[in-house]
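Participant: Build the 3D model from these lines:
(chains A and B)
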Amino acid sequence: MVITAFIRQKLYEHIVYKVRRHIITLVPAILGFLVLLAIPVALYLLITRLFPELLLGAFSYPLLVLAGSIYYLSVILFFYTYFVSFYLDLLIVTNDRLLHIEQQGLFARTISEVDLYKIQDITSAIDGFIPSIFNYGNMLIQTAGAVEKFIITSVPHPEMLRQAILDLAEADRKFHHSNP
Amino acid sequence: MVTIPFYNVLFVYGFFLLTFITFALFDIGHLARTGTFTFASFLVTFLFLAATAIIIWITWNLLPDVDWAMPMPIWNADWLRNFLSPNQLIA
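Facilitator: The predicted structure follows:
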C-alpha cells in the first residue's frame, strides 16, 4: 500500500506537496545517538584502568560482551525507530485536501484532514536562531472543519508553503462555488 | 551455593534478539506499508541492518572460547557473609 492509497486519494485529486519536518531537526537525535555510542567506549577505558580483572573473568568477560551487544543493538533500534517516526510524519497537500499524518512512536498514528476550501487562516512562524538560518518553522492552520486547528511544526520554507496552501485553498473555494 | 549452566544467559540474549527483530520488523513494515521507501529511508534502513549484522558478528567473534556448559553461581551465602563482615567494611 502506498501513501496515496493510505489516504484514499480521490480520482480527480493529485498531490501537490509532500512535506516532512526539516532534516536539521534530526541533528539533536544524531548527536544523542553518537554520545550513547561513545558511553561503552568510555566504560571500557575505565574498566581497563580500574578493574582489568573483569575483562579476564570466565563469567564477567562474556557477560560484559553480551551486555555491550544488547546495549548497542538497543541504541541503533531506538535511533531507527526515531527516524521512522520522523519520516512518517508527513504533511500532504493535494488540490482538494490537506492531510497531516503524525506517527507517534511505533504503535500510534494520527491522520487529520481538512478540505482546502474550509481553511480560514494560516499563520507561519520562524522563531529562533537555527530556524532562521535553515529557514524552517511552524504553521498554524485554522479551519472551519471538525479539526479547528492544525499545528505543523518545523516545516521547511513555512512562508512559501503558507502562500502556496492559501493559493490552493482559494482555487478550491472557487471550484466549490462554481460547482455547489 | 546455587548454580545454573552458563548457557542460560544465551537464552536471555536470544529473548532480547527476538524482541529486537520484532520491533525492527514493525519499523520496516511501517515504511513498506506507507510506501515511504525512498532513497533516504532505504539508506537509513540499510545502515541499520548493516550495523545490526556487524554488532552480532563482533559479539560472535569475541566469544569463541567460552565454556557455556560451566556452572554459574547465582547465589552464594559467602557473598553476604563477607559483605557484612566487619573486616570487609574496615578493609
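
Participant: What helices and strands are in contact with the helix ranked longest in chain B?
Facilitator: Using DSSP state H, we find that the single longest helix of chain B is helix B:8-33. Judged by 3 or more Cβ pairs under 8 Å, 6 or more residues apart in numbering or on different chains; DSSP states H and E, the packing partners of helix B:8-33 are helix A:60-88, helix B:39-62. (Glycine included, C-beta is placed from N, CA and C.)

Participant: Now tabulate these in JSON lines and tack on mean neighbour count and distance to residue A:40.
Facilitator: Output for the helices and strands packed on helix B:8-33, formatted as JSON lines (neighbours: other Cβ atoms under 10 Å in any protein chain shown; distance: least, Cβ to Cβ, whole Å):
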{"stretch": "helix A:60-88", "mean neighbour count": "19", "distance to residue A:40": "5"}
{"stretch": "helix B:39-62", "mean neighbour count": "14", "distance to residue A:40": "11"}
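
Participant: which stretch among those helices comes nearest residue B:74?
Facilitator: helix A:60-88 (12.2 Å; Cβ to Cβ).

Participant: chain center to the closest one: distance?
Facilitator: 21 Å (Cα atoms, centre = their mean, to the nearest Å).

Participant: and after it, which helix or strand comes next?
Facilitator: Downstream of helix A:60-88, the first helix or strand assigned by DSSP states H and E is strand A:90-94.

Participant: same question for that next one, mean pLDDT?
Facilitator: For strand A:90-94, mean pLDDT is 90.

Participant: What strands line up against the helix or strand just after it, and which way round?
Facilitator: Note on strand A:90-94: by DSSP H and E, the next helix or strand toward the C-terminus is strand A:97-103. The pairing partners recorded for strand A:97-103 under DSSP bridges are strand A:90-94 (antiparallel), strand A:109-115 (antiparallel).

Participant: Next, format the helices and strands packed on helix B:8-33 as CSV and append distance to residue A:132.
Facilitator: Below are the helices and strands packed on helix B:8-33 laid out as CSV (distance: least, Cβ to Cβ, whole Å):
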stretch, distance to residue A:132
helix A:60-88, 22
helix B:39-62, 25
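
Participant: which stretch among these comes nearest residue B:80?
Facilitator: helix A:60-88 (19.6 Å).

Participant: end-to-end on stretch B:66-81?
Facilitator: This stretch, stretch B:66-81, spans 30 Å end to end (Cα to Cα, to the nearest Å).

Participant: residues of it that come out buried?
Facilitator: B:66, B:72 (16 or more other Cβ atoms under 10 Å in any protein chain shown).

Participant: what's in contact with it?
Facilitator: Outside stretch B:66-81, the residues within contact range by Cβ atoms under 8 Å, 6 or more residues apart in numbering or on different chains are A:58-59, A:61-62, B:1-10.

Participant: For PyMOL, write the select line for the buried members of these.
Facilitator: With 16+ other Cβ under 10 Å as the criterion, this PyMOL line picks the buried residues out of those:
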select buried, (chain A and resi 61+62) or (chain B and resi 6+9+10)
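
Participant: for the contacts of stretch B:66-81, which one is nearest residue B:33?
Facilitator: Ranked by distance to residue B:33 (Cβ to Cβ), these are led by residue B:10 at 33.6 Å.

Participant: who's in contact with that closest one?
Facilitator: Counted by Cβ under 8 Å, 6+ apart, residue B:10 has contacts residue B:68.
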